[in-house]
Structures are given as C-alpha cells and as structure tokens.
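Peer 1: how does the following fold in three dimensions:
(chains A and B)
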Amino acid sequence: GAVVSQHPSWVICKSGTSVKIECRSLDFQATTMFWYRQFPKQSLMLMATSNEGSKATYEQGVEKDKFLINHASLTLSTLTVTSAHPEDSSFYICSAPRQGDTEAFFGQGTRLTVV
Amino acid sequence: EDKVVQSPLSLVVHEGDTVTLNCSYEVTNFRSLLWYKQEKKAPTFLFMLTSSGIEKKSGRLSSILDKKELFSILNITATQTGDSAIYLCAVQPSGTYKYIFGTGTRLKVLA
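Peer 2: Next up, the predicted model:
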C-alpha cells in the first residue's frame, strides 16, 4: 500500500536554531501534501497545504516566515521551523493523498522539542 | 466556519464495556467523515464514511454516519486495554484532501 515517510521521528533543538522535517511519498507522486501540528492533549490542526512547484497555502494564524514549506519534487515536501522557540515544541505530521484513493495517508509524525 | 466537535472529551471504562463516541460536524460541501485511532504517534485509519445509514464494521468497532443530522458515532464493543487511545474524527470537504479534525475523545480502558 501507499506509504508516507516522515523524518526525523523526533528531534531536540536549542532555541533560536532551525529544524527541517521531511515528508516523502514512497511509492506515489503527491502534488499536494498537508502539514498538521498537534499540541499535547489537543487535536491535529492544519497548518498549511504544500503545493509542488508553487507556494504553500497557510491557514489563518500560521506564520509563513516561521514555518517554511518547500515542495520541490513530486515526492518530497519539507517543513522548516525557523528560529525555534520552546512554544514551537509540538508533534508535526504530514499527509499526502494518492490519486485514486479516497483518503490521504499520514506520515509517522515528528515530535519536536525546543529547549 | 467549518468545525468538528467530539464528545465526550474523555472516557474511562472497564474491560468488556461497550462505548459510543460521538462526532458532530458543520462543513460546507461535505465529502467524507473519517475516524482515526491515535496512540503514541501518527493516527491509524479506522473508517471512512460517505453515505448515511450504512454501518461500517471492523471486528469490535463499527461506525455509522447520519448526513441529515450531521453526526457520526463510533462504537467499540467488549473493550480491551489495547483500545485505550485518542479517537479522532475528521471531516473532509469536497474538492480537497485536507481534513478538519475534531477535539478527539481520550478513551482509557481499565483491566
């Protein structure tokens, strides 16, 4: 079946540094991918839609300069958390739909801790 | 504004009990409703519902959708400790693969 791979599964970084999270569709091409964030004991909130070859679409309240999204190929989208702060600590997860399927597939998620 | 509301927020039961989780929604141009189980990491897909009145079953889990009243329920019979998780309901508007998630129901099954 379709697989979406996300890397790393967890990362700890210092305040002020940047962290890059990768989301890959392993056996299909994804022109669109989605990035979600989940704070502890809360639900998944859509952050942005990543579009291959064009700019990402951000949800209201999400800072595009802080959460840089690049979808440079049909199988890879990256989310870079720039100048990370402790409040950015969260679970980040991507999803990608495969043409012909009814639901999107989720990556394994990345737990980010900023210290 | 599109939204999904789940109830209860949390639930504690004993093994063998039956639980019913609720999900109500308001969305423009509904396409489907999905249920996921989330333990430590990524959500695990359970069901996708698109039509009213058709029950989906998988083992001890079942779900049904009411598009007129805009809600869905997820039933778990003969609960086991391994059912302890957060159950997420998500709605997919038509024309997009992005999901609107509910708050989730945190289920704990005691031995």
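Peer 1: helix or strand for the residue located most distally from the centre of chain A, which one?
Peer 2: The C-alpha centroid of chain A is most remote from A:G100, which lies 22.5 Å away (Cα atoms, centre = their mean). In the assignment (DSSP states H and E), A:G100 maps to no helix and no strand.
Peer 1: if I look at it, how far off is A:Q29?
Peer 2: Separation of A:G100 from A:Q29 (Cβ to Cβ, to the nearest Å): 12 Å. (Glycine included, C-beta is placed from N, CA and C.)
Peer 1: if we can go back for a sec, give me the distance between the residue farthest from the centre of chain A and chain B.
Peer 2: Distance, A:G100 to chain B, by Cβ to the nearest Cβ, to the nearest Å: 12 Å.
Peer 1: which pLDDT value belongs to that residue?
Peer 2: Per-residue pLDDT puts A:G100 at 77.
Peer 1: just A:E103 next, same as before
Peer 2: For A:E103, pLDDT reads 77.
Peer 1: same question for A:F34.
Peer 2: Looking at A:F34, its pLDDT reads 95.
Peer 1: just list whatever residues bridge to it.
Peer 2: A:F34 has these beta-bridge partners by DSSP bridges: A:T49, A:S95.
Peer 1: near it, how many other residues are there?
Peer 2: As a burial measure, A:F34 scores 26 neighbours (other Cβ atoms under 10 Å in any protein chain shown).
Peer 1: low-confidence ranges, chain B, go.
Peer 2: For chain B, no stretch has pLDDT under 70.
Peer 1: burial measure for the residue in chain A positioned nearest to chain B, as a count.
Peer 2: As assessed by Cβ to the nearest Cβ, chain B sits closest to A:P97 within chain A, at 3.7 Å. Applying other Cβ under 10 Å, we find 23 residues neighbouring A:P97.
Peer 1: which residues touch it?
Peer 2: Each residue near A:P97 by Cβ atoms under 8 Å, 6 or more residues apart in numbering or on different chains is listed here: A:A30, A:T32, A:E103, A:A104, A:F105, B:Y97.
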